[in-house]
Structure formats: structure tokens, C-alpha cells
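[1] Quick one, structure for this:
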Amino acid sequence: MALIARDDAPQGSQHLSEVLTLERCWQRQFTDLNGVIRFRLRSELVKERAMHVESPYDPEARYSTKRGREWRGYKVHVSETCDDGLPHLITQVATTTAEVQDAPLGQQIQTDLFRRDLQPTEHWVDAGYNAAELIVRAKEQHGTEIIGPVRPNTSQAYRTAGAFTLRDFQIDWERQKAICPQGEESERWHATKRTTGQPIVITTFSAKTCQQCPVRAHCVTSETKPKSLTFQPQAQQEALHAARDAMVDPEAQRRYQRRAGIEGTLSQGVRAFGLRNCRYRGLQKARLQHVLTDILQFRSRGREVR
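    Next up is the predicted model:
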């Protein structure tokens, strides 16, 4: 790279797409500290991974990690019918670069199924794809009921034994008030958005009320600040509570077992058809491989049935 940057390098060579790709790959893998070149640490590799080229041989491949497994390349997302007494058919295949999170794919999958008149009445999804916004939007736009676990609440209140959580507060949506376990009402109500664009509501209680509260230790960790609650708009928040309640219901858990079929399909794709190994370079060719793999799975099932 230093030679390309010299004044006597061939004109225009610095701007060749191949050179720029190699430069981005070099910056991704190595760092120069006071003239000492070394490989980047694992923690440094994760930062801004969506923008970095992992290999000059496949500029679209990206790095990702999940449950201790690391890879560079792509992800495949598969939808399949699971009606009782009927063949299980693969209805949708989506391919993304590896760093793309599962959550945004839920809406994309719903839209694609609806566009091809394949929207299900009930859509059983993994927790990675499920979210309150998807539950509400799918019902409103497509009449589809999203069924599946949602990500657990990992806030400090839920991790602290005896602490009050959001479920201990009553939300009066019409009056825009939250009522605490002691019967006190919140003072301020502010509708805003996260940096991701997700709409949220922040409601805060009076500092004087919180200071005098006899159960403050179960509610607020700060010694001076009043209690503040953050939650989603009414439809999304109620959908979130309902989804979490359903997943602790034994009957709901039994019904959700039907989703195990898609796990079997993915296992077959990996073990019998090499679904985890890209035979081609580039996102479009990887997608073609994923579609063809699922066609092979369908044909193999047909032979088994006959």
C-alpha cells in the first residue's frame, strides 16, 4: 500500500476498485502503531464490522459471531409452513450479509410473504425475529398473528431481587400517567425516539415524592434522582407484555413446539446440503445457492414420501 501511495506510482492506480478493496481489507486486519504493524485484536475487529471488508476475494462478506461461533460471509433466513396433516413447504428464503441482525428481517419476511400472497394467519417465529413493533404491524397490515418469544427485559430492575419492575406500575394511557406501587402518579410524560428511530415514552415521578417514599430502595438505585420509566407506545407495550405472558403458559409452550420443524429443515440443510459453506462469492450468488439448496431439500422430501 505504501508503494501505491508514492508519487511515482502508475497514474490512477490509487483509485482502482481492486486497490481500494485491498486497502479496506488491510485496515480491517492490521493496525500501525508508531511504525509497528500488528494484527488487530478481536475486540477491535467487532467495531464497525458492517463497514469493513474481510477478504479481497469477496468484498461483500462480513464478520459475525453468535453463541461463540465466528464466521465471515452471509446469513440465511428460512420460512416454512407447519400445518398439521399437510406437507411442510419452504415459502421464503432471505440472504443477508453476516453482520445483519435478525430483528429487522421479521418485517422484511412478512412483507415478502404478503407480496406473494403467502402471508400466514399465524406466523411462528424465533425470539431473534420477534419484536413488539412486528407483532402490532403484522396484525394491522396483514391480519397475521405473530407467535413466539420476545427478547427478555435485561434492565437492572429485572436483574435485582425484590426490585420493582415496569409490570409493578399501572400505566394510564389516556391521562398519560404512570402510577407506582405506592399509588403516586408520575409528573412528566414525554414521547420521543431512540437513536434507532424506535418510538418510546419516558415518564418521570416527582423528586420530592420519591425522596420521601418508604420503599425507595426497591424502586430507585440513585440516591438523588427520582424514578423514571421508559416503555413503548401503548399497542407495542401491551403486545410485548402479552407475548411474554404467553411464553410462560404451558399450553402456549406446547403449541410453540410446532416451530421445531424449521429447526429440522435448517439442520438438514446444514448436514446434508452444506448450507453453512458458501460455494460462490458475493451476496447475490450466495442467495442463489440458498434458494437452490432449499429446492434440493424439497425434492429429497418428495422422494422420501413416495
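[2] Mind telling me what element Ala286 is part of?
    helix 283-305 (DSSP states H and E).
[3] For that helix, which residues meet the burial criterion?
    For helix 283-305, burial by neighbour count (16 or more other C-beta atoms under 10 Å) applies to Leu283, Lys285, Ala286, Arg287, Gln289, His290, Thr293, Asp294, Gln297, Arg301. C-betas here are computed from N, CA, C, even on glycine.
[4] and of those, the nearest to Thr111?
    Thr111 lies nearest to Arg287 out of these, by C-beta to C-beta, at 16.8 Å.
[5] That closest one is in contact with His77, isn't it?
    No. Arg287 lies out of contact with His77 (C-beta atoms under 8 Å); the separation is 10.8 Å.
[6] How about residues contacting the helix holding Ala286?
    With C-beta atoms under 8 Å, 6 or more residues apart in numbering as the test, helix 283-305 has contacts from 60, 73-74, 76, 78, 87-90, 93, 95-97, 265, 268-269, 272-275, 278-280.
[7] between Arg287 and His77, what contacts are shared?
    Val93, Thr95.
[8] The residue nearest to Cys25 when sequence neighbours are not counted: how many residues sit nearby?
    Using C-beta to C-beta, 6 or more residues apart in numbering and skipping residues adjacent in sequence, the residue nearest Cys25 is Val53, 4.5 Å away. Neighbour count of Val53, defined by other C-beta atoms under 10 Å: 22.
[9] Kindly give the local confidence score, pLDDT, for Val53.
    Val53 is assigned 83 on the pLDDT scale.
[10] tell me the SS of it?
    coil (DSSP: H, G, I helix; E, B strand; the rest coil).
[11] Over to Gln92?
    Relying on three-state DSSP, one would call Gln92 strand.
[12] From Ser267, how far off is it?
    Separation of Gln92 from Ser267 (C-beta to C-beta, to the nearest Å): 18 Å.
[13] Identify each buried residue in stretch 254-266, please.
    For stretch 254-266, burial by neighbour count (16+ other C-beta under 10 Å) applies to Tyr256, Ile262, Thr265, Leu266.
[14] Could you find the closest non-adjacent residue to the third one?
    Leaving aside its sequence neighbours, Thr265 sits nearest to Glu80 (C-beta to C-beta, 6+ apart; 5.5 Å).
[15] All the strands of the stretch 1-150 of the chain, residue numbers only.
    All strands of the stretch 1-150 of the chain, identified by DSSP state E, counting those that start in this stretch, fall at 30-33, 36-39, 62-66, 69-80, 90-97, 122-124, 145-147.
[16] per-stretch mean pLDDT over those, give me the minimum one.
    Looking at the strands of the stretch 1-150 of the chain, the bottom one is strand 30-33 with a mean of 81.
[17] Could you list the paired strands of that strand along with their orientation?
    strand 36-39 (antiparallel) (DSSP bridges).
[18] Could you tell me how far the partner strand lies from the centre of the chain?
    Chain-centre distance of strand 36-39: 34 Å, with C-alpha atoms, centre = their mean, to the nearest Å.
[19] ditto for stretch 210-221
    35 Å.
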